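Fold the following and give me the result.
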Amino acid sequence: MSTEPFTQEQISFLKEHMSQWLAEQSLGKPPMVYEIELRERMVRVEEELRNQRELIQYIIEQMDKRFEQVDKRFQQVDKRFEQVDKRFEEMRQDMNARFEQVDRRFEEMRQDMNSRFEQVDKRFEQADQRFLALTKRMDRLLIWSFGTTVTVGALIVAILKLT
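Here you go, the predicted structure:
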């Protein structure tokens, strides 16, 4: 045996005839037996594919059922959210109504306080007028008192000079 590698001619010869030799030998079986075995394998593969298809169809049906159940749950959740939205809307409207009532009460209180302040202002004005009137009276009293004192003093001085 030589340890030299195959030549290019030998390699091309092997490539050309290898498939033919394998088919003839059919891995050690006659071509007819090999063909029958291939047919049996194809039938088994087809049966397995059919089983796989049925299994996939079953899985798809089960998934569809689950998706329908999930859709129903989502619809229930949507209904609950709608109910919560309605409750929030009712609460918001109720709060707005209450705030309007509070606003009205504050407005009434403000008006009442304004009217009371006006009354107090009127009373202060009246007190101011009274104080002005009292001040005028005291000024007149002072003038009369001063005039009377000066007159009496002048009379006393005149009487004393005459006597």
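
hey, let's count contacts and neighbours off CA atoms from now on
Noted.

I'd like the average pLDDT over stretch 137-145.
Per-residue pLDDT over stretch 137-145 has a mean of 93.

Look at residue 145 and say how many residues are nearby.
For residue 145, the count of nearby residues is 13 (other C-alpha atoms under 10 Å).

That one and residue 48, how far apart?
Separation of residue 145 from residue 48 (C-alpha to C-alpha, to the nearest Å) stands at 139 Å.

distance between the helix or strand harbouring residue 62 and the chain's centre?
Per DSSP states H and E: residue 62 is located in helix 31-162. In terms of C-alpha atoms, centre = their mean, to the nearest Å, the centre of helix 31-162 is set 17 Å apart from its chain centre.

Output the contacting helices and strands for it.
If contacts are counted by 3 or more C-alpha pairs under 8 Å, 6 or more residues apart in numbering; DSSP states H and E, helix 31-162 sits against helix 8-25.

Show me what counts as buried in stretch 139-155.
Judged by neighbour count (16 or more other C-alpha atoms under 10 Å), stretch 139-155 contains no buried residues.

report the angle between the axes of the helix holding residue 62 and helix 8-25?
Per axes from the mean of the first three to the mean of the last three C-alpha atoms, to 10 degrees, the angle that helix 31-162 makes with helix 8-25 is 100 degrees.

pLDDT value on residue 148, please?
pLDDT recorded at residue 148 is 94.

Could you measure from it over to residue 142?
Residue 148 sits 10 Å away from residue 142, going by C-alpha to C-alpha.

ok, now residue 156?
Distance, residue 156 to residue 142, using C-alpha to C-alpha: 21 Å.

Okay then, goodbye and thanks.
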